[in-house]
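Visitor: build me a model from this:
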Amino acid sequence: MPEIGFEMVLPALALLAVVFFVFFLLSLVSNRNTRAEDRLARLNRPVSLMDIEPPSSGGLDNRMKDIIERFSGLAKPMQPKTELEQSELRLRLQHAGFRSDKAMSIYLGIKFATILLSLIVVVTVIVPIYWDSKVGVFSLFTGLGGIFLGVSLAVGFWGPDLVLWLITRSRKEQIFLTLPDVLDLMVVCVESGLGLDQALRKVCEEMKEAAPIICEEIGIANFQLQMGRPKRDVLHDLGARTGVDDMKSLVAILIQADRFGTSVAQALRVQSDAMRTRRKQLAEERAAKCAVKLIFPLVIFIFPAIFVVLGGPAYIQLKKSAAFGGTE
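Guide: Got it, this is the predicted structure:
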């Protein structure tokens, strides 16, 4: 009985990948047909207020809705099992600026799609190129094959998490850097006689171009205050939604000042000075780290070129002297 090698199994795996992809496309088409049938059935029965659809702005919105629905459907295998894990994921997405109800489903759908895509790339591209029947499975984990295999799997499994972390980090840094200036304007507004609600609205109007992220968050908080939510809950949600420690401390100071009736302007001024001092210390710390961080580029890229330029002519002269027996 002939032995079954990987070369005989590989076409079957590629065929399964293609069949799965075609099945995925057909399922999307069937879902679209189902939506079309629902619209036709809705047109055939009397119109009610529940059946009236809001007007859309164009075909682009419809396509985006279809994409969102598809990624939301892919999120079921990656759905967290417990409420604690779901709340932690929602909080991470809020820190990155994604506050929609479908943000978690879209993110999990993208993550599942990247994992599936990386597995397809491994089966259809990396395995056929770097597979060696003599060595066996170990040929995929040595040399360039192992590097490409590890990179593709790492991108598929941890790529979305890395992108989300980078977005969150950039957003928190922008909030941290622009918060002292926002507090200075709030101090001016409060000392001029405006209340906290009016000061927040004035900050959003004046600094929406210089600090768009923090003005967006403050605008959401101001809207919640106008809708009648308690000020303590709104401020607490503002600190939790941004995820910045300085914002959380500011929120705690505002809640304390509102509860005990102390001066809001004085509390904002003290907090602004503390944040400005911390921002200055952070800049000094980064400047001190530059000398250490420059060592690696200097050693890897600049020093070899300097050695070639300075020692190249001397090396050529020594070779010539050796070739002519030590005499010119």
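Visitor: count the neighbours of the nearest residue to residue 111 once chain neighbours are set aside for me.
Guide: Closest residue to residue 111 apart from its sequence neighbours, by C-beta to C-beta, 6 or more residues apart in numbering: residue 160 at 4.5 Å. For every residue, glycine as well, the C-beta is placed using N, CA and C. Using other C-beta atoms under 10 Å, residue 160 is surrounded by 19 other residues.
Visitor: what sits against residue 160?
Guide: 107, 110, 111, 114 (C-beta atoms under 8 Å, 6 or more residues apart in numbering).
Visitor: and the pLDDT at residue 165?
Guide: For residue 165, the pLDDT comes out at 91.
Visitor: element containing it, please.
Guide: helix 143-191 (DSSP states H and E).
Visitor: counting contacts, what elements does the helix or strand that comes right after that helix pack onto?
Guide: Using DSSP H and E, the helix or strand that directly follows helix 143-191 along the chain is helix 196-206. Packing contacts for helix 196-206, counted by 3 or more C-beta pairs under 8 Å, 6 or more residues apart in numbering; DSSP states H and E, involve helix 143-191, helix 212-226.
Visitor: okay, the angle between helix 196-206 and helix 212-226?
Guide: Angle, helix 196-206 to helix 212-226, by axes from the mean of the first three to the mean of the last three C-alpha atoms, to 10 degrees: 150 degrees.
Visitor: other residues contacting helix 196-206?
Guide: In contact with helix 196-206 (C-beta under 8 Å, 6+ apart) are residues 182, 185-186, 189-190, 194, 215, 218-219, 221-222, 225-226, 231, 254, 258, 264.
Visitor: residue 80 sits in which helix or strand?
Guide: Applying DSSP H and E, one finds residue 80 in no helix or strand.
Visitor: what's the spacing between it and residue 277?
Guide: 40 Å (C-beta to C-beta, to the nearest Å).
Visitor: look at those two and report which has more neighbours.
Guide: Higher neighbour count among residue 80 and residue 277: residue 80, with 14 against 11, using other C-beta under 10 Å.
Visitor: picking that back up, as a markdown table, the contacts of residue 160 with distance to residue 147 would be great.
Guide: A markdown table is the format used below for the contacts of residue 160 (distance: C-beta to C-beta, whole Å):
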| residue | distance to residue 147 |
| --- | --- |
| 107 | 28 |
| 110 | 25 |
| 111 | 23 |
| 114 | 19 |
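Visitor: any of those buried? List them.
Guide: Buried members of the contacts of residue 160, scored by 16 or more other C-beta atoms under 10 Å, are 107, 110, 111, 114.
Visitor: got CSV for these, with distance to residue 124 and pLDDT too?
Guide: Compiled in CSV, those are given as follows (distance: C-beta to C-beta, whole Å; pLDDT from 0 to 100):
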residue, distance to residue 124, pLDDT
107, 26, 85
110, 21, 83
111, 21, 84
114, 16, 84
